[in-house]
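Student: structure, please.
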Amino acid sequence: MWEEPFSEEIDYDVVGEAANCVVWTAIRDARNQEVICTWDVDTKPELRAHRDAGHYNASIKFPASTLNVGYYTLVI
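Tutor: I've put the predicted structure just below:
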């Protein structure tokens, strides 16, 4: 087991007003199967309907022992 907590942060800029868009991320195992996936509208659903131009930050914190020992790929 991965004994330490870890986090992922994504900084991004939206150059013009946007609707129906999300920032999605996943962790895949060695067989390319999604183990965990999430998107920024999980915690801010209002961003799905309308997103103003500007700088945004999305972050997710994973507790210790979330992943087993192995090879994983982060997909954004």
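
Student: dump the residue contacts of the spatially most central residue of the chain.
Tutor: The residue lying closest to the centre of the chain (C-alpha atoms, centre = their mean) is Thr25, at 3.7 Å. Shown in contact with Thr25 (C-beta atoms under 8 Å, 6 or more residues apart in numbering): 8, 10, 37-39, 58, 60, 74-76. C-beta here means a position set from N, CA and C on the backbone, and glycine is covered the same way.

Student: now neighbour count and distance to Glu17 too, for those, in TSV please.
Tutor: Output for the contacts of Thr25, formatted as TSV (neighbours: other C-beta atoms under 10 Å; distance: C-beta to C-beta, whole Å):
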residue	neighbour count	distance to Glu17
Glu8	15	26
Ile10	14	20
Cys37	12	26
Thr38	16	24
Trp39	17	19
Ala58	22	18
Ile60	17	25
Leu74	9	29
Val75	12	26
Ile76	10	22
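
Student: what's the spacing between Leu74 and Trp39?
Tutor: Look at Leu74 and Trp39: by C-beta to C-beta, to the nearest Å, they are 14 Å apart.
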